[in-house]
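Asks: here is a sequence with its predicted model. Questions after.
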Amino acid sequence: MIRIGFGKDIHKLVKGLPLIIGGVDIPFEKGLLGHSDADVVCHAIADALLGAAALGDIGRLFPDSDPQYKGISSLIILEQVIQKLRNENWEVNNVDCTVQLEKPKIAGYIPGMCKKIAEALSVDASIVSIKATTSEGLGYTGKGDGVIAEAVASISKQDSHK
């Protein structure tokens, strides 16, 4: 059995906060505002995986009303998500994520992001894809007010009746 899930996350950029995308700390004057580290890539991938397995979403499983998740690394959230999937006998086939932001340019950080996400999911980095695009100056991402990430994930489960 193969399933596909979709995830999307949006966070506001604010001066003076760390910018963590795909588990990588990127030098920039603004960072993402959120209850955890606000890593849009990890959040989108987590929701795509949870959606594919029909296990809910990160808002329900890791609520911002719970103080234990305050400032938590989103790589830890991914580790917990993959454990939930594996408890249900799901394995990751691949994940693909597109990050939309005007600045900073992140192409040079993408290999590191793929490596960190693969490590958190305990998968080979060759099945993790991250891409970046701009908004060509349009909308809140184009004005530098926020970052969006959208992800799809494919998972598979062996038929237990075979």
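Replies: Happy to help now that I have it.
Asks: can we go C-alpha only for contacts and neighbour counts from here?
Replies: Will do.
Asks: for the most centrally placed residue in the chain, list the residues it contacts.
Replies: The centroid of the chain falls nearest to C42 when counting by CA atoms, centre = their mean (1.9 Å). By CA atoms under 8 Å, 6 or more residues apart in numbering, the contact list for C42 reads 21-23, 74-75, 77-78, 117.
Asks: end to end, how far does stretch 127-136 reach?
Replies: Distance between the boundary residues of stretch 127-136 (CA to CA, to the nearest Å) amounts to 29 Å.
Asks: so what's the residue count around G16?
Replies: 11 (other CA atoms under 10 Å).
Asks: let me fix that: R60
Replies: The number of residues packed near R60 is 9, by other CA under 10 Å.
Asks: what's the first helix or strand after the lengthiest strand in the chain?
Replies: Counting by DSSP state E, the longest strand found in the chain is strand 2-15. For strand 2-15, the following helix or strand on the C-terminal side (DSSP states H and E) is strand 19-21.
Asks: do a quick rundown of the strands in this protein.
Replies: Assigned by DSSP E, the chain shows strands spanning 2-15, 19-21, 24-26, 30-32, 91-100, 128-133, 146-156.
Asks: quick one: mean pLDDT for the second one?
Replies: This points to strand 19-21. Here strand 19-21 scores 97 as its mean pLDDT.
Asks: ok, residues contacting that strand?
Replies: Under the contact criterion CA under 8 Å, 6+ apart, strand 19-21 has outside partners 25-28, 30-32, 37-42, 113.
Asks: tabulate the residues you listed (CSV), appending distance to P67.
Replies: Formatted as CSV, the contacts of strand 19-21 follow (distance: CA to CA, whole Å):
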residue, distance to P67
D25, 23
I26, 25
P27, 27
F28, 27
K30, 24
G31, 21
L32, 18
D37, 13
A38, 15
D39, 17
V40, 19
V41, 22
C42, 19
M113, 26
